[in-house]
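# quick one: sequence and predicted model below, then my questions.
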Amino acid sequence: MPDDAAAPYDYARSLERVRAGDQQTARELVERLYPVVIRIIRAHLPRRVQEEDLAQEVFMKMFSRIDQYQGTMPLPHWVSRIAVTTCIDHLRAQKRRPEFRWADLSESEADMLDRVLVSDQAAADAGDTLAAGELVRKLLDQLNPSDRMVIQLLDLAQKSVAEISELTGWGKTLIKVRAFRARRKLHKLFLELKQKERS
Amino acid sequence: MNPLPPTPPEWACLAAAARLAAAARDTAAPRGFAVRVVARALGITRPAAASLLARLSLRALGCACLLALASIALNYGAIVNAMREDIATLGEPVTLVDSSDHAS
């Protein structure tokens, strides 16, 4: 399976071939870039949207804009940026953010939330990590799309501010402002959840 | 430069657990995904541009034919009159020659 960490791949040559209409190389390029794109999509997937549909949209955009690619940044970064902006557009299109309530959580999600509310990392890691992923998604749904994007890249993808700036095209100060806003909102949410649990 | 704001401990805990789940998921493209995407992107979109041009030129040809027929239908009387006049004038040189002969 293609991976960025594997042997260096000649993107420039591939692009040349794709621009000339070589479908085999285009397929190779899609398979090589798919892991990069799907990680971003899974992290920012809006409700009621299939990850494969969104991935297809990203690659369709990539091919339609391939003549605009100047080579000023590595191709995977350029495609990542397309994925990020596509996800933000879809998140913004969601008119309403669902309220986060204990009653809406599954048993495993509620169990995981109990574990993290006491900030017990070992207990959280030992719990259902899929439930953790679902909880994260539900909490991120409470944030506005831009703040959500920053906090996800920062805390889940563990990107640096400089990397986020490269991916999104936003300035470092703006990223920090968004991170601050997102973390403050998350902190407030956890406080509310603790109070509701006690009550 | 200002440092980043602190992460809420509950969020840090949850994010760490979620990272474990994310790392375990397969990131390979599903079977047939690349074929489908490339067929749509390269196989359909590019010829679509060419066929659009063909469709537009055919439509333009059709419009031109309709306009030509409509203009003939609208000006039918004038065209017939003009043709009659043309036919009539075919004999005129003879008439003109005759009249000049009479004048002289």
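Nice, thanks for sending it over. Numbers count the residues shown, from 1 in each chain, chains lettered A, B, ... in the order given.
# list the contacts for residue B:42?
Going by CB atoms under 8 Å, 6 or more residues apart in numbering or on different chains, residue B:42 touches A:18, A:21, A:23, A:26, A:63. In this view, the C-beta of every residue, glycine as well, is placed from N, C-alpha and C.
# just residue A:194 next, same as before
residue A:117.
# repeat the analysis, applying 10 Å as the threshold.
A:113, A:117, A:118, B:10 (CB atoms under 10 Å, 6 or more residues apart in numbering or on different chains).
# determine the longest helix present in chain A.
As assigned by DSSP state H, the longest helix anywhere in chain A is helix A:172-198.
# would you mark the buried spots in that one?
Residues A:175-183, A:185-187, A:189-190, A:193 are the ones in helix A:172-198 that count as buried (16 or more other CB atoms under 10 Å in any protein chain shown).
# quick one: average pLDDT of that helix?
In this model, helix A:172-198 has a mean pLDDT of 87.
# how far is it from where the chain is centred?
18 Å (CA atoms, centre = their mean, to the nearest Å).
# ditto for stretch A:164-182
14 Å.
# hey, C-alpha coordinates of that stretch in PDB?
Coordinates of each C-alpha in stretch A:164-182 appear next as PDB, following Å, rounded to 0.1, in the frame of the first residue of the first chain:
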ATOM      1  CA  ILE A 164      -1.700  24.000  10.400                       C
ATOM      2  CA  SER A 165      -0.900  27.400   8.800                       C
ATOM      3  CA  GLU A 166       0.500  25.600   5.800                       C
ATOM      4  CA  LEU A 167      -2.500  23.300   5.600                       C
ATOM      5  CA  THR A 168      -5.200  25.900   6.000                       C
ATOM      6  CA  GLY A 169      -3.600  29.100   4.700                       C
ATOM      7  CA  TRP A 170      -4.500  30.800   8.000                       C
ATOM      8  CA  GLY A 171      -2.100  33.000   9.900                       C
ATOM      9  CA  LYS A 172      -0.500  31.700  13.100                       C
ATOM     10  CA  THR A 173      -2.200  34.300  15.300                       C
ATOM     11  CA  LEU A 174      -5.600  33.400  13.900                       C
ATOM     12  CA  ILE A 175      -4.900  29.800  14.600                       C
ATOM     13  CA  LYS A 176      -4.000  30.500  18.200                       C
ATOM     14  CA  VAL A 177      -7.100  32.600  18.600                       C
ATOM     15  CA  ARG A 178      -9.200  29.800  17.200                       C
ATOM     16  CA  ALA A 179      -7.500  27.200  19.400                       C
ATOM     17  CA  PHE A 180      -8.100  29.500  22.400                       C
ATOM     18  CA  ARG A 181     -11.800  29.800  21.600                       C
ATOM     19  CA  ALA A 182     -12.200  26.100  20.900                       C
END
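# so it, near chain B or not?
Yes. Applying CB under 10 Å from any CB of the partner chain, one finds stretch A:164-182 touching chain B at A:172, A:173, A:175, A:176, A:177, A:179, A:180, A:181, A:182.
# now do the SS call for the closest residue to residue A:166 other than its chain neighbours.
Excluding its sequence neighbours, the residue lying closest to residue A:166 (CB to CB, 6 or more residues apart in numbering or on different chains) is residue A:77, at 6.3 Å. Classification of residue A:77 using DSSP: H, G, I helix; E, B strand; the rest coil returns helix.
# list the contacts for residue A:59?
By CB under 10 Å, 6+ apart, the contact list for residue A:59 reads A:26, A:29-30, A:33-34, A:37, A:79, A:82-83, B:29, B:33-34, B:36-38, B:40-41.
# how much space between it and residue A:71?
According to CB to CB, to the nearest Å, residue A:59 and residue A:71 sit 19 Å apart.
# over to residue A:137?
35 Å.
# these two: which is more packed in?
Applying other CB atoms under 10 Å in any protein chain shown to residue A:137 and residue A:71 shows that residue A:137 carries more neighbours, namely 18 against 10.
# many thanks, have a good one.
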